[in-house]
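Asker: here is my input, please return the structure:
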Amino acid sequence: MSAGLDSRDDRAHWEARYADRDADVERAASTWVVEQCLALPTDSTIVDIAGGVGRHAVPIARAGRTLIVVDFVYAAIRTATHAPAA
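Answerer: The predicted structure is shown next:
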């Protein structure tokens, strides 16, 4: 939580930021993060905490891995789960 904000303010802050974050959908995933996840056993379930719009989760899922994306901003999760399959 950000200094000086309670959890409701923090959530409102991130909701407002994601309202204008179409550009984040286009941000490239960290190659290192994706490589580390793909190096795990193929039957692993990967959990992306504060996954946002899925910039890491989407390419990992496209590689056939099982993922759980967690974020407290509904708009971000909606974007991540509606990403094109390929």
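
Asker: now tell me what touches stretch 29-46 from outside.
Answerer: Arg55, His56, Ala57, Val58, Pro59, Ile60, Ala63, Gly64, Arg65, Thr66, Leu67, Ile68 (Cβ atoms under 8 Å, 6 or more residues apart in numbering). No exception for glycine: its C-beta is placed from N, CA and C like everyone else's.

Asker: of those residues, which belong to strands?
Answerer: Among the contacts of stretch 29-46, DSSP state E puts Thr66, Leu67, Ile68 in strands.

Asker: ok, and the helix or strand in this structure with the lowest average confidence?
Answerer: The helix or strand of the chain with the poorest confidence is helix 22-26; it has a mean of 58 (mean pLDDT, DSSP states H and E).

Asker: excluding its backbone neighbours, what's nearest the residue nearest the centre of the chain?
Answerer: Among the residues of the chain, the one closest to the centroid is Gly51, at 2.3 Å (Cα atoms, centre = their mean). Once flanking residues are discounted, Gly51 sits nearest to Val69: 3.7 Å by Cβ to Cβ, 6 or more residues apart in numbering.

Asker: got CSV for the contacts of stretch 29-46, with distance to Ala19, pLDDT and neighbour count too?
Answerer: As requested, the contacts of stretch 29-46 are exported to CSV (distance: Cβ to Cβ, whole Å; pLDDT from 0 to 100; neighbours: other Cβ atoms under 10 Å):
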residue, distance to Ala19, pLDDT, neighbour count
Arg55, 17, 91, 21
His56, 21, 94, 21
Ala57, 20, 93, 28
Val58, 20, 91, 23
Pro59, 24, 94, 19
Ile60, 26, 95, 22
Ala63, 30, 95, 11
Gly64, 32, 95, 8
Arg65, 29, 96, 18
Thr66, 30, 95, 12
Leu67, 24, 93, 18
Ile68, 24, 94, 11
